[in-house]
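>>> Okay, here's the prediction I keep looking at, along with the sequence it came from:
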Amino acid sequence: MFATKKKNRALREAGWGRTLVAGFIGLIYFSPVLWIVMTAFKTRQDALATPPKLFFEPTLDNFVRVFYRVTTDGDQLSTGMGLYFFNSIFIAGAGVLLAVVIGTLAAYGFSRYPLRGNDTYLFVILTTRMLPPIVVIVPIFLMFRVTGLSGGYIGIILLYAMFNLAFSVWMMKSFFDELSADVEDAARLDGANDLAVFFKICLPQLKAGLAATVVFALILTWNEFLFALLLTGSDTRTVPVAMARAMGGQLGVDWGLLAAIITLFLVPVFAVTYMLQNHLLRGVTFGTVKK
Amino acid sequence: MSSLKVTNLVKHFGDVRAVDGLSIDVQNGEFFALLGPSASGKTTSFRTICGIETPTSGTIELDGKDMTDAAMRDRDVAMVFQTFALYPHMTIRENLAYPLRQMKLASSEINSRIDETAELLRLSHTLDRKPGTASGGEQQRIAIGRALIRRPHLLLLDEPLTNLDAKLRHDTRAEFKRIHRERKITIVYATPDELEALTMGNRIGVLRDGRIVQTGTPDELYERPDNRYVAGMVGSPQMNLIPAKRGGTENRPTVVTDFGEFHEAPWNSPLADFAIGEELLFGIRPHEIVPKNGAATTAGPTIDCHVHLIEPIGDLVILDLVANGTRLKMVLPEEQAIAYSPGSSLTCGFDLATTHVFAKETGTVIRQPLPEKQKA
């Protein structure tokens, strides 16, 4: 129904002049990303050339070096980056999934079965996001040491889930608040029990909201560096941490290698956002337009 | 046999008394209209009857069985919400099927009922679309279909026409009557619109502040309102309620208005119970006031007045009159009204037997015209 509406709306397209100006401004904002992506395809000489080369012969060498390094004996050795990519995907995925599942259930509770002092609890949940995470890093580090969660998957997944929980509770609650309570009552009257009302009536209406929550939480988690640095071990290291380690070297910063890691690192977030973009737009503007 | 019997139903939300002693008795197969302005407790009454809300006190009997505390699914009551409350993520077919799936019916049975209901409500062409793409009238019919498809014992309709435009309202009104006739189902219909209530209800309960002030057939409510509230609510344009006082002597009471003193009317004897000078309301329907040309017709009192405003409504015209400072309305056929324009003077008259008198303080009726059959 949205597609047809879009087509019917006869908005006048901007002329070439405006389009070019907008494109130019967009290019300025996009240029750092473009720079990195281009550098990923450059040889070491091209990457360091002054003035910078806009046209060059692309090479995939950097991408190979992300995963394999050649020893002085001529052997190919894994750099472990494949594992780190898996770690990033697994840890961020599990953390976000956990946060969104718990957050959605909690949000439904807050929205439909308010407690005495409901707003106070919601505020308390929000306060967990009010201070910069670095403030609590020492106590959390100690907690992880004492409980033995440090270095393993479970610890860092739980931590990310906790960080995203406040966000997903608030976001999902606002979506649930927008749903018509009459629709839920109608379903109960039609014979649905509470579980059916939640899973068959409420959730399917909130696909867009869920998508938006997942994408925002995923971006935050995917890029997280500080806690990953302190709380992951050599087997559970995520890409941002590995990236920092790859920066140093006897020959200075290996820009080509770094750019290749970053380029690969951008792909999953880009792909997820692209897949969910239709939902995302509806999720962000949900309830702002009268239906 | 009574299909729905509500006795002394009370529902409070904190300090708000949404329903405050509601009692109705709806017979099997009846079309019962619940007439009341917004916030008079219609929706809360319905929500309590179908079990969404738990009553504070009172009892609800369905088909002779006490169902006050029964689970929603055991009540066999369907409701059409004012907002329609369709499932936006399901197709129209799935919307209709939902209550049947909850009943765990065989899919062949579900399909045949969907076809039947879609045909009854002329929805066959829309079944595979989402409700969001349907027009207002179609959405309304889907909501009714979803309620009817269960073949419920009792159907509650909560202001079902409020969200439709004027033409659709008219068509849908006829639709409801047709469905009621064809399905022989008991319907309780809540509406703030007296015209809807009068045209559709076998009987009407007038609701005010969470309780029924009068129940009766449309004719009874129109001709013999029990109090000034019902008198003002039923009938369009509404009854003229003119400030008056009890006058005359102890044994020979009269009603005194700004434009005349009336005596020798049927309301004389009950009026004797009121103190001289007590404030009253003198009620007369706009349709009962007629112009009097010349002195030929002498029966009944006359009023000298002038025309203040003219409101044409199709082939009828409402004349806003001022008689000695008192405003009153009169309804005339177009061809008679053409003789008058704002400012013109006229003399009109009425039959005292058609008038009503209410106590101003309590609003209760002191005298009402006799029922049609007793007049004869």
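Thanks, I have it.
>>> Get me the contact residues on chain A for chain B.
A:1, A:180, A:182-183, A:185-192, A:196, A:201, A:204-205, A:207, A:291 (CB under 8 Å from any CB of the partner chain). Placement of C-beta: from N, CA and C, glycine included.
>>> pLDDT at B:Pro160, what is it?
B:Pro160 is assigned a pLDDT of 86 by the prediction.
>>> so where's chain A shaky on pLDDT?
Judged by pLDDT under 70, chain A has its weakly predicted residues at A:1-11, A:248-251, A:283-291.
>>> Apart from its chain neighbours, what residue comes closest to the residue of the stretch 101-250 of chain A found nearest chain B?
Nearest to chain B, among the residues of the stretch 101-250 of chain A, is A:Gly191, at 3.2 Å (CB to the nearest CB). For A:Gly191, ignoring the flanking residues on the chain, the nearest one in space by CB to CB, 6 or more residues apart in numbering or on different chains is B:Gln102 at 3.2 Å.
>>> Most proximal residue of the stretch 1-150 of chain B with respect to chain A?
B:Gln102 (3.2 Å).
>>> Secondary structure element for A:Ser174, which one?
helix A:153-178 (DSSP states H and E).
>>> helices or strands next to that helix in the packing?
helix A:81-112, helix A:118-127, helix A:137-147, helix A:207-222, helix A:226-231 (3 or more CB pairs under 8 Å, 6 or more residues apart in numbering or on different chains; DSSP states H and E).
>>> All the strands of the stretch 101-250 of chain B, residue numbers only.
Shown for the stretch 101-250 of chain B, the strands assigned by DSSP state E, counting those that start in this stretch span residues B:154-158, B:186-191, B:203-208, B:211-216, B:240-248.
>>> what's near enough to touch residue 254?
All of this is about chain A. Residues in contact with A:Asp254 (CB atoms under 8 Å, 6 or more residues apart in numbering or on different chains) are A:Arg44, A:Ala246, A:Met247.
>>> meant chain B, my bad for not saying
Here B:Thr254 is in contact with B:Arg246, B:Gly247, B:Gly248, B:Glu261, B:Phe262, B:His263 (criterion: CB under 8 Å, 6+ apart).
>>> Quick check: closest non-adjacent residue to the fifth one.
In other words, B:Phe262. B:Phe262 sits nearest to B:Val255 (CB to CB, 6+ apart), 4.9 Å away.
>>> How many residues are close by the one you found?
26 (other CB atoms under 10 Å in any protein chain shown).
>>> From what I see, it and B:Glu261 are in contact.
Yes - using CB atoms under 8 Å, B:Val255 makes contact with B:Glu261 at a distance of 7.1 Å.
>>> what touches both of those two?
By CB under 8 Å, 6+ apart, the residues touching both B:Val255 and B:Glu261 are B:Gly247.
>>> Look at B:Pro152 and report its pLDDT.
Taking B:Pro152 on its own, its pLDDT is 90.
>>> That one: how many residues sit nearby?
Quick note: B:Pro152 (other CB under 10 Å) scores 19 neighbours.
>>> list the contacts for it?
So B:Pro152 contacts B:Asp76, B:Val77, B:Ala78, B:Ile185 (CB under 8 Å, 6+ apart).
>>> Same check on B:Pro333?
Contact analysis of B:Pro333 by CB under 8 Å, 6+ apart lists B:Asp315, B:Leu316, B:Val317.
>>> The last one pairs with what?
Here B:Val317 shows beta-bridge partners B:Pro312, B:Leu332, assigned using DSSP bridges.
>>> I'd like to know how far the residue nearest to A:Gly191 sits from B:Ala143.
Look at B:Gln102 and B:Ala143: by CB to CB, to the nearest Å, they are 17 Å apart.
>>> Which one of those two is surrounded by more residues?
Taking neighbours as other CB under 10 Å, B:Gln102 and B:Ala143 compare with B:Ala143 leading, 24 against 19.
>>> mind checking pLDDT for that one?
92.
>>> Surely it touches B:Val80?
Yes - assessed by CB under 8 Å, B:Ala143 is found in contact with B:Val80 at 4.9 Å.
>>> and for the two, which residues touch both?
Common contacts of B:Ala143 and B:Val80 (CB under 8 Å, 6+ apart): B:Pro160.
>>> Mind checking what secondary structure B:Glu53 has?
coil (DSSP: H, G, I helix; E, B strand; the rest coil).
>>> now it, nearest residue through space, not along the chain?
The spatial neighbour of B:Glu53 that comes closest, neighbours along the chain excluded (CB to CB, 6+ apart), is B:Arg47 at 4.5 Å.
>>> In terms of helices and strands, where is that neighbour?
Counting by DSSP H and E, B:Arg47 is part of helix B:42-50.
>>> Identify the residue spatially nearest to the residue nearest the centre of chain A, adjacent ones excluded.
Closest residue to the average C-alpha location of chain A: A:Ile219 at 1.8 Å, with CA atoms, centre = their mean. Once flanking residues are discounted, A:Ile219 sits nearest to A:Val269: 6.0 Å by CB to CB, 6+ apart.
>>> now B:Phe282
B:Phe282 sits nearest to B:Ala244 (CB to CB, 6+ apart), 4.1 Å away.
>>> residue contacts, the one you found?
Per CB under 8 Å, 6+ apart, neighbours of B:Ala244: B:Val255, B:Val256, B:Thr257, B:Glu279, B:Leu280, B:Leu281, B:Phe282, B:Val357.
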